[in-house]
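Asks: need the 3D shape of this:
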Amino acid sequence: MRVEGLDRLIKEHPFFRDMDAAACETIAGCAANERFNIGDYVFREGGAADKFYLIRQGTIALEIHVPGKDSIIVDTLETGAILGWAWLVPPYRWTYDARAITLCRMVSLDAHCLRGKYETDHTLAKELFKRFIPVMAKRLEATRQRMIEKAQARSGGAGKGG
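Replies: Below you'll find the predicted structure:
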């Protein structure tokens, strides 16, 4: 019964919209419900990337730690977003901190479990990768833009180049 509920939550999440029902059931076998309160860290930079998350409710800040300074928020993720792609890329370490800035309810997916499943199910692997690659590109671009903004602020707000 637990898997049925998680299966439904996965199928209803925008990230998995239109995914084959059997693939969603397979993924649900690696899923769990999680809750994070305001200020809780979902994960920390450098830690083992052993899960990824479907944000069902709430807002998460992705932050880069800057030694001796305040962290830089490089992106904010809200209800309907996906959190975490480092579980796909060895050495499977987080490159950001992820902190709840509101109460967050999420479905977590165990990375070890999923990697084991997609190693033997290449259709599942293809479905996951085609959904994650745009997420990765968007996050990298958001980080790039935030770093440009920070550099411009430090240099007195010089205009953007083409």
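
Asks: do I have it right that residue 75 meets residue 62?
Replies: Yes. Contact status for residue 75 versus residue 62: in contact at 4.4 Å, counting by Cβ atoms under 8 Å. Where you see a C-beta, it was placed from the backbone N, CA and C, and this is true even at glycine.

Asks: which neighbours do the two share?
Replies: Counting by Cβ atoms under 8 Å, 6 or more residues apart in numbering, the contacts common to residue 75 and residue 62 are residue 139.

Asks: how about the helices in this protein?
Replies: 2-12, 21-28, 111-120, 122-154 (DSSP state H).

Asks: out of the ones you listed, which is the most enclosed?
Replies: Ranked by mean neighbour count, these are led by helix 21-28 with a mean of 17 (mean count of other Cβ atoms under 10 Å).

Asks: extract the C-alpha set from that helix and format it as PDB.
Replies: Only the C-alpha atoms of helix 21-28 are listed here, as PDB (Å, rounded to 0.1, in the frame of the first residue of the first chain):
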ATOM      1  CA  ALA A  21       3.300   3.600 -15.700                       C
ATOM      2  CA  ALA A  22       5.600   0.500 -15.300                       C
ATOM      3  CA  ALA A  23       8.700   2.800 -15.100                       C
ATOM      4  CA  CYS A  24       6.900   4.800 -12.400                       C
ATOM      5  CA  GLU A  25       6.100   1.700 -10.400                       C
ATOM      6  CA  THR A  26       9.800   0.600 -10.700                       C
ATOM      7  CA  ILE A  27      10.900   4.000  -9.400                       C
ATOM      8  CA  ALA A  28       8.400   3.900  -6.600                       C
END
